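In: okay, predicted coordinates and the sequence, questions at the end:
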Amino acid sequence: MRTAKTLLLCILVTMLAAMPLPASAVVGDYFSVSGRVTDANWNPIPGALVTLSDNDFNRITTQNTNGNGYFSFERVSVKTNLCNVRISYTDGNGTYYLPGYYIPAFNAHGEQQLTPEQTHFDNYYLPGSQPHVTPTPMPVPTLAPANTPAPTAVSDDGQATQALIFGGGFIGGMVTATLACLIIFRRPGIK
């Protein structure tokens, strides 16, 4: 009977020690987010304030759009799985906010590209803005010359890091649980 209890306790301790960490606890998981802010006529808005916040709406960093309305947050690390962006623009008449106040939450992993519709002021026109029929397209990356081999894309969405943490936690938990069982439940007289 004592052996069965000891075995069950060892299994329980091993299972608890081997539980993986939640993804939000992974430190050093970097991501990037970029986009282009446009007015109601789809013209770029230079100088718009872009605020990046974590999922708890804690401000991480801010940035102003460049002369072509672009912004880009590179290699940002947060402790939540989701992030939010808030965009505002201030001119001589007041401050205007992107409708909806915050862009819907997006994954804080890998490279995120916000769509033109997400970063578009539909209620603000820059002075002298001329209407466009369609949204201004995002720039297309330049292709490599034909004689140069194209680089192989490597997806790093944090799964490798999570697998290493899980594997390390599992092995460490097994070793710790086994040692604890041997120390706690050793038979008297056996050394």
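Out: Received, thanks.
In: tell me how far the residue lying closest to residue 59 once chain neighbours are set aside lies from residue 92.
Out: Of all residues beyond its chain neighbours, the one nearest residue 59 is residue 53 (5.4 Å), with distances taken as C-beta to C-beta, 6 or more residues apart in numbering. Bear in mind the C-beta positions are built from the backbone N, C-alpha and C, glycine included. Remark: distance between residue 53 and residue 92 (C-beta to C-beta, to the nearest Å) = 27 Å.
In: now do residue 31
Out: Taking C-beta to C-beta as the measure, residue 31 falls 36 Å from residue 92.
In: and the two? Which one has more around it.
Out: Ranked by neighbour count (other C-beta atoms under 10 Å), residue 31 and residue 92 place residue 31 first, with 21 against 5.
In: that one: what's it in contact with?
Out: Residues in contact with residue 31, defined by C-beta atoms under 8 Å, 6 or more residues apart in numbering, are 75, 76, 77, 78, 83, 107, 108, 109, 110, 111, 112.
In: the fifth one contacts residue 57, doesn't it?
Out: The one in question is residue 83. No - if you go by C-beta atoms under 8 Å, residue 83 and residue 57 don't touch, sitting 10.0 Å apart.
In: the two: who's more crowded?
Out: Remark: of residue 83 and residue 57, residue 83 carries more neighbours, 22 against 11, as counted by other C-beta under 10 Å.
In: now do the helix or strand hosting that one, average pLDDT.
Out: Element membership of residue 83 [criterion: DSSP states H and E] is strand 82-91. Strand 82-91 carries an average pLDDT of 90.
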